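Engineer: The following block contains a protein sequence and its predicted model.
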Amino acid sequence: MLGGAAIWGLGTQFMRRRQTTPMIVITFWSLLISLVVCATLALLFERGSWTHLPDRNGWLAIGYNAAVIFGFAQVMWFRLATILPPVVSSLSVMFIPVVGVFSGMMILGERPTWQDYAPLVSILMAIMTVLRPTRRE
């Protein structure tokens, strides 16, 4: 996971540089390469745990992720990463797990435990350190 996060962060930094290639093209190829790598790794290391094909709800979830997450959100993120200042885009990414936990509570009726709240507090503390006004000398 840390390796994936590091590569994603590096890719985001490269997106900040002037690009002559349209954002949709970069997004398509980065997602296609990721699909090939992840599918290969899944075939090599996880094939033994496959017991059945996804049911109707599973395919709907896969379709939702393909259309909304990869087709829309990823393109929007790459675009925002190129036009927003680094602090703003970094803070917006840090809020994703916070929104996810509270959305799960509201939509799915999940009840987070202390193991869920501890990282959220850490995230909010990290955001506060960035937003804290600095002293002028």
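Structural biologist: It's in.

Engineer: what phi and what psi does the backbone show at Leu53?
Structural biologist: Backbone dihedrals for Leu53, given as degrees, to the nearest 10, come out at phi -70, psi 160.

Engineer: Look at it and say how many residues are nearby.
Structural biologist: Leu53 is surrounded by 7 other residues when neighbours are defined as other CB atoms under 10 Å. Glycine gets a C-beta too; all of them are placed from N, C-alpha and C.

Engineer: any idea how far Leu60 lies from Ala42?
Structural biologist: Using CB to CB, to the nearest Å, Leu60 is found at 20 Å from Ala42.

Engineer: likewise Pro112?
Structural biologist: 29 Å.

Engineer: ditto for Phe70
Structural biologist: Distance of Phe70 to Ala42, computed by CB to CB: 17 Å.

Engineer: show me where pLDDT drops low in this structure?
Structural biologist: 18, 135-137 (pLDDT under 70).

Engineer: mind giving me the domain ranges of it?
Structural biologist: As recorded under automatic domain parsing, the domains making up the chain are 1-83, 85-137.

Engineer: Check the offset of the longest one from the chain's centre.
Structural biologist: Average the C-alpha atoms of domain 1-83, do the same for its chain, and the two points are 9 Å apart (CA atoms, centre = their mean, to the nearest Å).

Engineer: got it, and the shortest one?
Structural biologist: Computed by CA atoms, centre = their mean, the chain-centroid distance of domain 85-137 equals 14 Å.

Engineer: Going forward, the N-terminal residue is numbered 59.
Structural biologist: All right, first residue 59 from here; so that's domain 143-195.

Engineer: returning to what we had before: and Phe128 and Ala100? Which one has more around it.
Structural biologist: Per other CB under 10 Å, whichever of Phe128 and Ala100 has more neighbours is Phe128, with 15 against 12.

Engineer: mind checking how far the closest residue to that one other than its chain neighbours is from Ile120?
Structural biologist: With CB to CB, 6 or more residues apart in numbering as the criterion, Phe128 has its nearest non-adjacent residue at 5.6 Å, and that residue is Leu89. In this structure, Leu89 and Ile120 are separated by 14 Å, where distance is defined by CB to CB.
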